[in-house]
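Chemist: okay, sequence plus prediction incoming.
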Protein chains: 2
Amino acid sequence: MIKTIEYVNGVVRMIDQTRLPTEKVFVDCKTIEEVGEAIKTMVIRGAPAIGVAAAMGVSLGADTIAASNFDAFFKRMEQQCDLLGKSRPTAVNLSWAINRMKQVARDAKNLSIPELKARLKEEALTIRTEDISINQSMGKHGQTLVKDGNVILTHCNAGALATAGFGTALGVVRASVNAGKNIRVLANETRPFLQGARLTAWELKEDNIPVKLITDSMCGFFMKKGEVDLIVVGADRIAGNGDVANKIGTYMVAVLAKENNIPFYVAAPVSTLDLSLCSGDKIPIEERTAEEVVNINSKRIAPEGIEVAHPAFDITPNNLVTAIITEKGIARAPFTESLKAIVNKK
Amino acid sequence: MIKTIEYVNGVVRMIDQTRLPTEKVFVDCKTIEEVGEAIKTMVIRGAPAIGVAAAMGVSLGADTIAASNFDAFFKRMEQQCDLLGKSRPTAVNLSWAINRMKQVARDAKNLSIPELKARLKEEALTIRTEDISINQSMGKHGQTLVKDGNVILTHCNAGALATAGFGTALGVVRASVNAGKNIRVLANETRPFLQGARLTAWELKEDNIPVKLITDSMCGFFMKKGEVDLIVVGADRIAGNGDVANKIGTYMVAVLAKENNIPFYVAAPVSTLDLSLCSGDKIPIEERTAEEVVNINSKRIAPEGIEVAHPAFDITPNNLVTAIITEKGIARAPFTESLKAIVNKK
């Protein structure tokens, strides 16, 4: 089992995803600021993993607050949370986790400060454990869409490394394998950060699940050849109408899937739904540094002095999405209704 | 003016396109075998440039033939040509140039062997000069499709470096600029070989034409945002029905263009048309080594021991092609008729 993130003895330990697959090293965060930095620099990435890290970060931050009453404690906690919330803009799981931790604090306002801190730590650990079981439930639902012998194309890494474990899109793959289905994965390398080449290929190989690596520009070629049966990707935020923010290039995959009549599925926990937004147009798209595009393996691939763009996410409109797989079931169009029903379920 | 390829004093000198833009070095080929190797290893690439290099290579080879009569000379020349013809499979310009050189030899069979060799050298130089003026004519036609202020998206490098000079797709860009139009180029980096990042960005910057570099996965994002007015790409081979073989990822660009109602143009000389093939299905697609995908800047980007695919080209079906720009005019659907008319023109 790949240990993406753990919280032991006041330290948040993460596998450094900027250095995989060539080096397997861990980063220890001892403060909320270090957790924020790890999120910003993509030591940890993937919407659910960011949520788990944020919750643990909030707990680390809370531990440092010297306050004698709840109001003073909570005021400082909110300041810390505001800062952490700015580390990355697109994945809603960051603010989801922070809001959940704040609510836990509010609900426990009558506890002593040390008890309150313990309660927050407990909640962060719960979010981690829950995330794994949520992914397993998502996999259970998702694998019903997968047939024996299927080739699943995925973009970016929505795997164990993007979550506390098991994965969202790759959770569907793992659940299919666990159900005895013979599955192969076609992995887009996912420029510029190469999450597909570095992370998806690595974690599937660790689990002995057959994976073939391609450049992003090749996925249409294989779809047209009839070598892709379905597509499963993760999500960073899903608007109320089913528009999906996910890693840059996801829109490209979805358009190619439509052209080739291949089902396009999104696997994401309910915590990734942002029903407060009526459409994907409202989702903020992070613009990251040009350096991540023009430098690969510490060497430049382009001339100096040219303009470079680096939107890190794109929006796939709901009409390109066949279904959204969550831990509470599978939502289909019209999403405005089906997503609301999913959220209110149980 | 960028000197892609020259033929002086029995030496074919090429700018080494595997080392641009960080190093500007030249490779001197003194034999037909060295030219074949330069084509195979992509020191020189781009369909028209490959054609020019092949013609010069044939001349270098002919110079070494010790034969006292035409039949012996031509037999040896054909052997050399067969070998050279195998250096890369997809671009038809390679066999087009070789066939033209063979025809020149046949037509000059009554000359003395030294005169014949001089005739072949002359023809190789003519092919180079012709290529530049063909590209200028193509640009003249193509620029009528471009409006002042337009943003042109291109994939791979169909520029001066892919030809003897001026370029095909980038020839349309240059002709538009020369016609006084304010043009900006959005360049796909074009994994795995990064011709867009390394070559297109470099040569446009050399000519002070504004260029913005993006990863291939970003082009759909910018099309959907309304920031692309038209697409112009080159071609490695065009079948009789207008199906276009070009750099892997071209099909992806064309499908995204259709989804976003953006015109998709192909700029290619008549020598790239292969009317002997009724459809793109018949065009051989080169499979190159996995090493070119998993190694960037001499370092691995993926774990060892996984499967990797590397189709170097794809086929864009004619229904996605708005028009084909040639030196003899612009062909539109139905291409089976319009391409035939173009070939027979004048």
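Modeler: Good, I have the coordinates. Residues are numbered from 1 along each chain as shown, chains lettered A, B, ... in the order given.
Chemist: contact partners of the helix or strand harbouring residue A:105?
Modeler: Assessed by DSSP states H and E, residue A:105 sits inside helix A:93-107. In this structure, residues lying in contact with helix A:93-107 by C-beta atoms under 8 Å, 6 or more residues apart in numbering or on different chains are A:39, A:47-48, A:50-52, A:54-55, A:58-59, A:62, A:73-74, A:77-78, A:81, A:84-85, A:87-88, A:116, A:119-120, A:123-124, A:127, A:236, A:269, A:271-272. Using the backbone N, CA and C atoms, a C-beta is placed for each residue, glycine as well.
Chemist: just the buried members of those residues?
Modeler: Burial by neighbour count, 16 or more other C-beta atoms under 10 Å in any protein chain shown: within the contacts of helix A:93-107 this picks out A:39, A:47-48, A:50-52, A:54-55, A:58-59, A:62, A:73-74, A:77, A:81, A:84-85, A:87-88, A:116, A:119-120, A:123-124, A:127, A:236, A:269, A:271-272.
Chemist: can you tell me which of the residues you listed are in helices?
Modeler: A:39, A:47-48, A:50-52, A:54-55, A:58-59, A:62, A:73-74, A:77, A:81, A:84-85, A:116, A:119-120, A:123-124, A:127 (DSSP state H).
Chemist: show me the beta-bridge partners of the closest residue in space to residue A:228 that isn't next to it in sequence.
Modeler: Nearest non-adjacent residue to residue A:228, counting by C-beta to C-beta, 6 or more residues apart in numbering or on different chains: residue A:153, 4.6 Å away. Bridge pairing for residue A:153 (DSSP bridges) gives the partners residue A:186, residue A:231.
Chemist: wait, a helix at residue A:202?
Modeler: Yes: counting by DSSP: H, G, I helix; E, B strand; the rest coil, residue A:202 falls inside a helix.
Chemist: mind checking the pLDDT average for the host helix or strand of residue A:220?
Modeler: Using DSSP H and E, residue A:220 sits within helix A:219-224. On average, the pLDDT along helix A:219-224 is 98.
Chemist: in that helix, what counts as buried?
Modeler: For helix A:219-224, burial by neighbour count (16+ other C-beta under 10 Å) applies to A:219, A:220, A:221, A:222, A:223, A:224.
Chemist: do the same with stretch A:289-302
Modeler: A:290, A:292, A:293, A:294, A:296, A:301, A:302.
Chemist: got it, and stretch A:172-184?
Modeler: Result for stretch A:172-184 [16+ other C-beta under 10 Å]: buried residues A:172, A:173, A:174, A:175, A:176, A:177, A:183, A:184.
Chemist: ok, stretch A:248-257 next?
Modeler: In stretch A:248-257, counting by 16+ other C-beta under 10 Å, buried: A:248, A:249, A:250, A:251, A:252, A:253, A:254, A:255, A:256, A:257.
Chemist: who's in contact with the fourth one?
Modeler: This means residue A:251. A:314, A:315, A:316, A:320, B:220, B:221, B:224.
Chemist: in which helix or strand would I find the first one?
Modeler: In this structure, residue A:314 is located in strand A:313-316 according to DSSP H and E.
Chemist: residues contacting that strand, please?
Modeler: Contacts of strand A:313-316 (C-beta under 8 Å, 6+ apart): A:90, A:236, A:243-252, A:254, A:264, A:266, A:280-281, A:283, A:285-286, B:218, B:220-221, B:224.
Chemist: do you know how far the residue nearest to residue A:264 when sequence neighbours are not counted is from residue B:282?
Modeler: Counting by C-beta to C-beta, 6+ apart, residue A:257 is the residue found nearest to residue A:264 once chain neighbours are left out, at 4.2 Å. Separation of residue A:257 from residue B:282 (C-beta to C-beta, to the nearest Å): 27 Å.
Chemist: do the same with residue A:50
Modeler: According to C-beta to C-beta, residue A:50 stands 49 Å off from residue B:282.
Chemist: now do residue A:145
Modeler: 36 Å.
Chemist: same deal with residue A:231?
Modeler: Taken as C-beta to C-beta, the span from residue A:231 to residue B:282 is 29 Å.
Chemist: and those two? Which one has more around it.
Modeler: residue A:231 (26 against 15; other C-beta atoms under 10 Å in any protein chain shown).
Chemist: residues in contact with that one?
Modeler: Neighbouring residues of residue A:231 by C-beta under 8 Å, 6+ apart: A:152, A:153, A:154, A:155, A:253, A:254, A:257, A:262, A:263, A:264, A:265.
Chemist: swap in residue A:287?
Modeler: By C-beta under 8 Å, 6+ apart, the contact set of residue A:287 is A:309, A:310, A:311, A:312.
Chemist: highest neighbour count among those residues?
Modeler: In the contacts of residue A:287, the most neighbours by other C-beta under 10 Å go to residue A:312, 22 neighbours.
Chemist: contact partners for that one?
Modeler: A:90, A:247, A:248, A:285, A:286, A:287, A:288.
Chemist: may I ask which two of those residues are separated the most?
Modeler: A:247 and A:287 (14.0 Å; C-beta to C-beta).
Chemist: residue A:325 belongs to a strand?
Modeler: Yes: assessed with three-state DSSP, residue A:325 lies in a strand.
Chemist: now do the contacts for it.
Modeler: A:138, A:141, A:142, A:145, A:172, A:232, A:265, A:266, A:267, A:268.
Chemist: among these, which are in helices?
Modeler: A:138, A:141, A:142, A:172.
Chemist: report how many residues lie close to the third one.
Modeler: So the one you mean is residue A:142. 26.
Chemist: give me the distance between the residue of chain A positioned farthest from its centre and chain B.
Modeler: Relative to the centre of chain A, the most outlying C-alpha is that of residue A:68, 36.8 Å out, by C-alpha atoms, centre = their mean. Counting by C-beta to the nearest C-beta, to the nearest Å, the gap from residue A:68 to chain B is 51 Å.
Chemist: same question, residue A:301
Modeler: Distance of residue A:301 to chain B, given as C-beta to the nearest C-beta: 5 Å.
Chemist: which residue is the nearest non-sequential neighbour of that residue?
Modeler: In space, residue A:301 is closest to residue B:197, 4.8 Å off (C-beta to C-beta, 6+ apart).
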